[in-house]
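Q: fold the stuff below for me.
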Amino acid sequence: MNSRGKVIAVNISSKKGTRKKNVGSSCLLVGLGLRDDAHAAPGNRQVSLLAQESIDKMTRLGLKVGPGDFAENLTTQGLDLLALPLGTRFRVGEGTLLEVTQIGKVCHTRCAIYYQAGDCVMPKEGIFAQVLEGGEIKVGDEIRVLGGDSDHQ
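A: Predicted coordinates for the structure are as follows:
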């Protein structure tokens with residue numbers, strides 16, 4: 001499994017259930033998520049991640065979608081997010097540390113994203129993480145999966 005990837009979009013929105021906009025950079029807040037994002041709150045789903053490769057699958061089906069359209073906070077590339085088990089820790093850029101807390105999610109209703117995009121890959125292919133160490137992140141930052149709990153490189 002490739003243990004490195006990169007951030008290709010840092011996305012936030014002011015309301016839940018809507019597409020997010022790539023703001024280029026933001027700050028991860030410990031125990032909350034991305035600064036100024038509607039989803040920033042304590043809990044298991046502080047930061048959402050979705051791979052560009054998942055978005056590409058939807059574009060091949062004819063949907064006109066891109067980073068942020070599935071309400072993910074971080075759009076990644078080159079890292080198999082679904083291969084990361086719960087508890088996996090990873091760094092984004094130099095100073096931040098996140099931990100995988102949930103893989104996929106249950107959608108009880110079809111949200112605005114489903115109706116706007118025609119489908120949603122987030123429930124099946126998105127992952128969620130909590131922020132253990134905060135800091136600035138930006139497009140182009142490397143994502144580096146750490147070996148285990150004691151690995152704080």
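Q: what secondary structure does residue 56 sit in?
A: Put simply, residue 56 is helix when judged by DSSP: H, G, I helix; E, B strand; the rest coil.
Q: leaving aside the residues adjacent along the chain, what's closest to residue 7?
A: residue 141 (4.6 Å; CB to CB, 6 or more residues apart in numbering). (C-beta placed from N, C-alpha, C; glycine too.)
Q: typed the wrong thing, it's residue 42
A: residue 31 (5.6 Å).
Q: what strand or helix carries the one you found?
A: In the assignment (DSSP states H and E), residue 31 maps to no helix and no strand.
Q: now it: how far from residue 101?
A: Distance of residue 31 to residue 101, given as CB to CB, to the nearest Å: 12 Å.
Q: likewise residue 130?
A: From residue 130 to residue 101 the distance is 5 Å (CB to CB).
Q: how far off centre is stretch 94-104?
A: Here the centre of stretch 94-104 is set off from its chain's centre by 9 Å, with CA atoms, centre = their mean, to the nearest Å.
Q: next, name the residue at the spatial heart of this protein.
A: Closest residue to the average C-alpha location of the chain: residue 49 at 1.5 Å, with CA atoms, centre = their mean.
Q: secondary structure class for that residue?
A: Here residue 49 takes the strand state, with states given by three-state DSSP.
Q: and the strands in the chain?
A: 4-12, 21-22, 25-29, 33-34, 47-51, 74-77, 89-92, 97-103, 127-133, 135-138, 142-145 (DSSP state E).
Q: ok, the longest one: who's next to it in the sheet?
A: If I follow you right, that is strand 4-12. strand 21-22 (antiparallel), strand 74-77 (antiparallel), strand 142-145 (antiparallel) (DSSP bridges).
Q: perfect, that will be all.
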